[in-house]
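Q: Here is the input, now give the coordinates:
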Amino acid sequence: MKYSSLSLLLTVFALTSCHKNNNPTPTTKDSTFISPAAADSATGIVVVTYSVPNGGKAEYSLVCLNPDGSQKWKNDQFHGEVLQPPGYANGILYVSTSYFAYIGPVGSSSYYSYGKIYAIDANNGSVKWSYLDSNYTSATPLASNGTVYLPQHGFIQGFNATSGAINLGMSVSDGLPWTPLIDGDTLYMPTAPMSTGYYSMRALNVKTQKAIWTTPIGYNPPGSVMIANGMLVFTKGAGGLVALDKTTGTIKWNVFDQQYYISRVVSGTTLFTFNHDNPFNLYAFGLSTGGLLWKAHFQNPPQPLGGLYLYGKNLYFYAYDNVSMYLQAMDPKTGDSVSRTNIKVSYESLLLVGHRVYAKKWWDDATNRQLAVPKVVMLDAANFELKHSTDIDAAQIISIRVIGRSGTIY
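A: Coordinates of the predicted model:
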């Protein structure tokens with residue numbers, strides 16, 4: 001994702017006023033932990049790549065792999081446009097792109113820019129329709145109920161998912177070009193005026209194009225917003241946890257005792273996440289109140305973290321630092337350690353779907369140098385045994401998304 005000057009400025013702020021988590025502990029613990037992603041299976045792996053052919057102009061491509069890792073198709077006709085990770089619905093990938101280039105003599109301040117959205121057939125990579133806009137966009141399109149939503153500064157454009165015809169033009173005061181969430185007819189997105197940089201979460205009815213509620217959340221931006229247990233749950237700025245009632249926007253609970261990771265897993269009525277601080281812990285919070293269920297302490301903080309996911313009966317995370325890499329399994333009910341598997345290679349951008357973890361491999365652990373050819377790898381979710389590796393003809397892998405048999409894109 002590209003960041004506006006506003007968000008780049010505000011992300012340097014840390015939470016300096018923290019208090020203990022006094023939220024009541026839930027009276028009962030969730031005894032069933034289910035991962036929809038683990039119950040799904042992949043039908044395609046979609047990769048955004050970056051290359052500079054013959055030292056010339058940067059080019060982005062969209063590559064689709066079959067579930068066995070073989071290449072299904074490649075679309076590299078984007079003419080220097082920067083691709084965002086795609087959205088997906090009903091066999092169609094929706095990709096927003098942006099283009100920016102200086103024009104005129106060297107040192108000129110004149111430039112040419114635009115945004116574009118493509119609907120691409122996931123079966124063969126052909127373009128079904130596209131729309132060119134003078135606005136510079138930087139969000140993953142959201143496809144829902146026959147409409148594709150593309151947010152821009154202060155505005156949301158809607159397209160008929162099949163034809164590309166514009167069917168919505170909704171003004172959103174101080175709206176940001178960040179991918180929104182939708183639940184029924186309600187769309188959720190962050191807002192912030194450029195003049196103050198004070199963030200809010202807003203709910204809008206896409207049928208009436210009216211705001212339902214707006215909840216101020218402060219000078220730190222919301223991160224990794226998800227809908228869970230009737231609430232919007234997100235990190236705030238450097239790491240506090242916040243939950244809003246999705247119907248009213250009321251703050252249900254918050255936990256600002258320390259900084260929490262933007263990466264987290266929700267299952268049933270439980271939220272799992274890490275903190276950033278020392279001592280380093282893995283936490284389980286009750287979604288109803290934000291109360292602490294358990295925390296698991298680690299003597300040597302595993303930095304960085306490559307993933308957190310539920311698979312089978314266990315909660316897994318992967319740690320890699322080129323010195324000690326391992327896959328840790330935890331009991332999600334208690335936080336007790338179940339097993340630890342030492343891993344000899346490093347992976348990034350982990351994504352669980354079905355029995356596999358999909359990741360990119362771009363670093364040679366033996367030579368401590370970048371690989372000449374990056375790879376998409378498929379790993380056994382329980383032990384990281386390598387099941388398949390596919391070379392990607394590009395300088396870099398920008399993003400990986402997996403299309404599930406359920407129709408979800410992860």
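Q: How many neighbouring residues does Gly55 have?
A: Using other CB atoms under 10 Å, the number of residues around Gly55 comes to 5. Glycine gets a C-beta too; all of them are placed from N, C-alpha and C.
Q: That one and Ala395, how far apart?
A: Using CB to CB, to the nearest Å, we find Gly55 at a distance of 11 Å from Ala395.
Q: my guess is Thr341 contacts Asp380, does it?
A: No. Thr341 is not in contact with Asp380 according to CB atoms under 8 Å; the separation is 10.1 Å.
Q: Tell me, how many residues neighbour Leu351?
A: Neighbour tally, Leu351, other CB under 10 Å: 19.
Q: what do you get for Val265?
A: The tally of other residues near Val265 (other CB under 10 Å) stands at 22.
Q: again, but for Ile103
A: Other residues close to Ile103 by other CB under 10 Å number 9.
Q: repeat for Thr248
A: That count, for Thr248 with other CB under 10 Å as the rule, works out to 12.
Q: Now do the SS call for it.
A: coil (DSSP: H, G, I helix; E, B strand; the rest coil).
Q: so the closest residue to it other than its chain neighbours bridges to which residues?
A: Distances taken as CB to CB, 6 or more residues apart in numbering put Trp213 closest to Thr248, at 6.2 Å, once the chain neighbours are dropped. For Trp213, the beta-bridge partners are Ala203 (DSSP bridges).
Q: tell me the contacts of Trp213?
A: Taking CB atoms under 8 Å, 6 or more residues apart in numbering, we find Trp213 in contact with 202-203, 248-249.
Q: gap between it and Gly223?
A: Applying CB to CB, one obtains 20 Å for the distance of Trp213 from Gly223.
Q: try Gly290
A: From Gly290 to Gly223 the distance is 17 Å (CB to CB).
Q: try Ser98
A: Ser98 is 22 Å from Gly223, by CB to CB.
Q: Model confidence for Thr16, exactly?
A: Thr16 is assigned a predicted lDDT (pLDDT) of 25.
Q: Look at Asn54 and give its secondary structure.
A: Looking at Asn54 with three-state DSSP, the answer is helix.
Q: Report how many residues lie close to it.
A: Count around Asn54 with other CB under 10 Å applied: 6.
Q: Report pLDDT for it.
A: Looking at Asn54, the pLDDT reads 79.
Q: So Ala37: helix, strand or coil?
A: Ala37 is classified as helix under three-state DSSP.
Q: can you check Gly115 too?
A: Gly115 - assigned by three-state DSSP - is strand.
Q: need the contact list for it.
A: Neighbouring residues of Gly115 by CB under 8 Å, 6+ apart: 96-99, 132-137, 152.
Q: partner residues bridging Ile251?
A: Leu244.
Q: Worst mean pLDDT across the helices and strands of the chain, which element?
A: Sorted by mean pLDDT, DSSP states H and E, the helices and strands of the chain end with helix 5-10, the least confident at a mean of 32.
Q: one step back: buried among the contacts of Trp213? Need that as a selection in PyMOL.
A: Buried members of these, defined by 16 or more other CB atoms under 10 Å, are picked up in PyMOL with:
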select buried, resi 202+203+249
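Q: Make JSON lines out of the contacts of Trp213 and add pLDDT and distance to Ile262.
A: Formatted as JSON lines, those follow (pLDDT from 0 to 100; distance: CB to CB, whole Å):
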{"residue": "Arg202", "pLDDT": "97", "distance to Ile262": "20"}
{"residue": "Ala203", "pLDDT": "98", "distance to Ile262": "22"}
{"residue": "Thr248", "pLDDT": "98", "distance to Ile262": "25"}
{"residue": "Gly249", "pLDDT": "98", "distance to Ile262": "22"}
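Q: Specify which member of the contacts of Trp213 is nearest to Tyr188.
A: Of all the contacts of Trp213, Tyr188 sits closest to Ala203, with 5.4 Å by CB to CB.
Q: contacting residues for the closest one?
A: Taking CB under 8 Å, 6+ apart as the test, what Ala203 contacts is 186-188, 211-214, 246, 249.
Q: rerun at 6 Å
A: Contacts for Ala203 (CB atoms under 6 Å, 6 or more residues apart in numbering) come out as 186, 188, 212-213.
Q: who wins for neighbours among those residues?
A: Neighbour max across those (other CB under 10 Å) = Tyr188, 22 neighbours.
Q: out of everything not next to it in sequence, what's closest to the spatially most central residue of the chain?
A: By CA atoms, centre = their mean, the chain has its centre lying nearest to Ser224, at 6.6 Å. Spatially, and ignoring its direct neighbours in sequence, Ser224 is nearest to Ile262 (4.6 Å; CB to CB, 6+ apart).
Q: quick one: what helix or strand has that neighbour in it?
A: With elements taken from DSSP states H and E, the one containing Ile262 is strand 260-267.
Q: Strand 260-267 and the very next helix or strand once past that strand, what's the angle between them?
A: Note on strand 260-267: by DSSP H and E, the next helix or strand toward the C-terminus is strand 270-275. With axes from the mean of the first three to the mean of the last three CA atoms, to 10 degrees as the basis, strand 270-275 and strand 260-267 are set at 160 degrees to each other.
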